[in-house]
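>>> For reference, the sequence and a predicted model appear below.
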There are 2 protein chains.
Amino acid sequence: MDKKLCEAVELFEEVIMYGTERIIRSFEHQLFEEYSSEQLQMLQIISKSGRISPGKLAALQGVHKSAISNRYKKLEAKGLLTTVDSEKDLRGKAITLTQKGNDVVALFNEVIYEHVENIVLNDFHEEEINEFLRIFRKLSSILKTEGDAK
Amino acid sequence: MDKKLCEAVELFEEVIMYGTERIIRSFEHQLFEEYSSEQLQMLQIISKSGRISPGKLAALQGVHKSAISNRYKKLEAKGLLTTVDSEKDLRGKAITLTQKGNDVVALFNEVIYEHVENIVLNDFHEEEINEFLRIFRKLSSILKTEGDAK
DNA sequence: CCATCTTCGTTTAGGGGGTAAACTAATAAT
DNA sequence: ATTATTAGTTTACCCCCTAAACGAAGATGG
């Protein structure tokens, strides 16, 4: 058991802790040179929400509002985002995607889908895909509860 | 199959692309407030090598030498690293851990081991652990070959 | 009704990460 | 000996982040 645990630790470090950068580099797509992964994630969240406030974005991405403020300025300058004043509370604002923003999100989803498809179809058997899903569902739920517990 | 692929994409994004930060936060250990994960990874590599040059470190961490130069300065200032002049080539230098550096690496390994142990023992059955190892071995090898291919 | 408190979002200062190109110093090569 | 190559550092500029100060709008309560 100890040996297995040691291997698990090493693999965990390699894949989860240090793997993200390698994965993103491996996309080799212009998209990741133009936009940071934090920006792309933000666009994706906005896309799913339709319209959303900076405060909620900060909570969803797990960062301070000031970080969102900064990101918004950059993406707004590039023409991907706009603000739709919310009616009731003049303090808050609602962020939405522009047409260009929608295009970027669509391209992003396409690129990721293709990449994961390649990995899955080339390197995994049918049965391993099921294992992959089981393990990753579990990891995902662990990440969520640990993040929320705080 | 399409449905499975879609779920795989979502889980992949959540765990691999955006999960690292949440994982690191979940450690809730002072270590991760004092040192960045890049710094800790660098210390670990040096620990395994005994002594190593900045150039090799840059290659292993997949960044430019200037990034290593910068990291070295910070860790040297904190008393974790020193330089042992290499005998033959006066251009190169060999970096090693100080006693304090060794202590930090030992603590780091301990913290990670415990954390992964908790996850594995609490949330995975014997059989799932084997699945975990299989899937992650594969992901690890994919990361390596893709990184090297470039 | 006006003063205070809270909330939303932005700004500023400072520290983490990174790259690319210029530069120094030492070894190799012609 | 002179030129090229290699190792590492420095500089300038970008990204990320947090924490604290700040302005403006809503909510509370005397």
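Structure's in. What do you need? Numbering: from 1, shown residues only, chains lettered A, B, ... in the order given.

>>> Quick one: the helices in chain A, in order.
Counting by DSSP state H, the segments of chain A that form helices are A:2-12, A:19-27, A:31-34, A:37-49, A:54-61, A:65-77, A:99-123, A:126-149.

>>> want to throw the ones you listed into a markdown table with mean neighbour count, mean pLDDT and distance to DNA strand C?
All C-beta atoms are positioned from the backbone trio N, CA, C, and that covers glycine. A markdown table is the format used below for those (neighbours: other Cβ atoms under 10 Å in any protein chain shown; pLDDT from 0 to 100; distance: least, Cβ to the nearest atom of the strand, whole Å):
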| stretch | mean neighbour count | mean pLDDT | distance to DNA strand C |
| --- | --- | --- | --- |
| helix A:2-12 | 15 | 91 | 20 |
| helix A:19-27 | 18 | 89 | 8 |
| helix A:31-34 | 13 | 93 | 9 |
| helix A:37-49 | 19 | 96 | 11 |
| helix A:54-61 | 16 | 96 | 3 |
| helix A:65-77 | 15 | 97 | 3 |
| helix A:99-123 | 15 | 94 | 16 |
| helix A:126-149 | 15 | 84 | 18 |
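
>>> Name the nearest residue to the residue nearest the centre of chain A, ignoring sequence neighbours.
Among the residues of chain A, the one closest to the centroid is residue A:41, at 3.8 Å (Cα atoms, centre = their mean). Using Cβ to Cβ, 6 or more residues apart in numbering or on different chains and skipping residues adjacent in sequence, the residue nearest residue A:41 is residue B:18, 6.0 Å away.

>>> again with residue A:74
Once flanking residues are discounted, residue A:74 sits nearest to residue A:39: 7.1 Å by Cβ to Cβ, 6+ apart.

>>> Quick one: residues contacting the one you found.
Applying Cβ atoms under 8 Å, 6 or more residues apart in numbering or on different chains to residue A:39 gives the contacts A:71, A:74, A:75.

>>> can you tell me how far residue A:114 sits from residue A:16?
Note on residue A:114: its distance to residue A:16, by Cβ to Cβ, to the nearest Å, is 23 Å.

>>> Sorry, wrong one. I was asking about residue A:48.
24 Å.

>>> now swap in residue A:37 and tell me
Plainly put, residue A:37 is 15 Å away from residue A:16 if you go by Cβ to Cβ.

>>> If I look at the nearest residue to residue A:76 once chain neighbours are set aside, what pLDDT would I see?
Distances taken as Cβ to Cβ, 6+ apart put residue A:82 closest to residue A:76, at 7.0 Å, once the chain neighbours are dropped. Here the pLDDT value assigned to residue A:82 is 96.

>>> Can you give me the domain assignment for chain A?
Using automatic domain parsing, the domain ranges for chain A come out as A:1-33, A:35-149.

>>> quick one: the first one near DNA strand D?
No. Domain A:1-33 stays clear of DNA strand D (Cβ under 7 Å from any atom of the strand), getting no nearer than 10.7 Å.

>>> cool, the last one as well?
Yes. Contact between domain A:35-149 and DNA strand D, assessed by Cβ under 7 Å from any atom of the strand, occurs at A:36, A:38-39, A:61-64, A:66-67, A:70-71, A:74, A:88-91.

>>> Surely residue A:102 and residue A:44 touch.
No. Judged on Cβ atoms under 8 Å, residue A:102 makes no contact with residue A:44 at a distance of 11.1 Å.

>>> on that earlier part again, nearest to residue A:4, out of the contacts of residue A:39: which one, please.
Proximity of the contacts of residue A:39 to residue A:4 (Cβ to Cβ) peaks at residue A:71, which lies at 41.0 Å.

>>> I'd say that closest one and residue A:38 touch.
Yes. Counting by Cβ under 8 Å, residue A:38 is a contact partner of residue A:71 at 6.6 Å.

>>> Number of residues surrounding the residue nearest to residue A:53 when sequence neighbours are not counted?
Excluding the flanking residues, the one nearest residue A:53 by Cβ to Cβ, 6+ apart is residue A:92, at 5.2 Å. Number of residues near residue A:92 (other Cβ atoms under 10 Å in any protein chain shown) recorded here: 12.

>>> Go ahead and confirm residue A:92 touches residue A:52.
No. Look at residue A:92 against residue A:52 with Cβ under 8 Å: they stay out of range, at 10.4 Å.

>>> Contacts only, for residue A:143.
B:14, B:15, B:19, B:22, B:23, B:26.
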